[in-house]
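>>> this one's structure only:
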């Protein structure tokens, strides 16, 4: 079975939490020992399970931030 | 077969484009005729195909924006 190595290199913040305690978080994650990227993803309590989410490069994250800032 | 109805109610911006012309975009999308939400997702040219992505509530999007803004 294939394996994905990952390491949460930085916990940045929590966007929301649902009734079961899963949190949508913004972190920096290193996938397969590569350079860490921004990662927006759902996590079970204690990061025991990983849910769906997406990684963003630094440039994508900053573009997203600027687009959202205009709508604040 | 199940069906998901969606409508892109607002095109906000493009975060990146890959070699095959797929773009990672920020849009407002109404899923199954519900109130539109923010949506970060990969799209084929002309929005012909939808790739992976995630929806964000207004509150999640603004929290994400503020967390990223601190790192600009």
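Received, thanks. These numbers were taken from a predicted model, which means no experiment stands behind them.
>>> which residues touch stretch A:41-50?
Under the criterion Cβ atoms under 8 Å, 6 or more residues apart in numbering or on different chains, residues A:8, A:21, A:22, A:23, A:24, A:25, A:27, A:51, A:52, A:53, A:54 lie in contact with stretch A:41-50. C-beta coordinates here come from the backbone N, C-alpha and C atoms, glycine included.
>>> helix, strand, or coil at residue A:38?
With DSSP: H, G, I helix; E, B strand; the rest coil as the basis, residue A:38 sits in strand.
>>> kindly state the beta-bridge partners for it.
residue A:28, residue A:56 (DSSP bridges).
>>> any idea how far residue A:1 is from it?
For residue A:38, the distance to residue A:1 equals 28 Å [Cβ to Cβ, to the nearest Å].
>>> neighbour count winner among the two?
residue A:38 (24 against 2; other Cβ atoms under 10 Å in any protein chain shown).
>>> mind listing what's buried in the longest strand along chain A?
When chain A is parsed with DSSP state E, its longest strand is strand A:6-17. Counting neighbours by 16 or more other Cβ atoms under 10 Å in any protein chain shown, one finds that the buried residues in strand A:6-17 are A:8, A:12, A:15.
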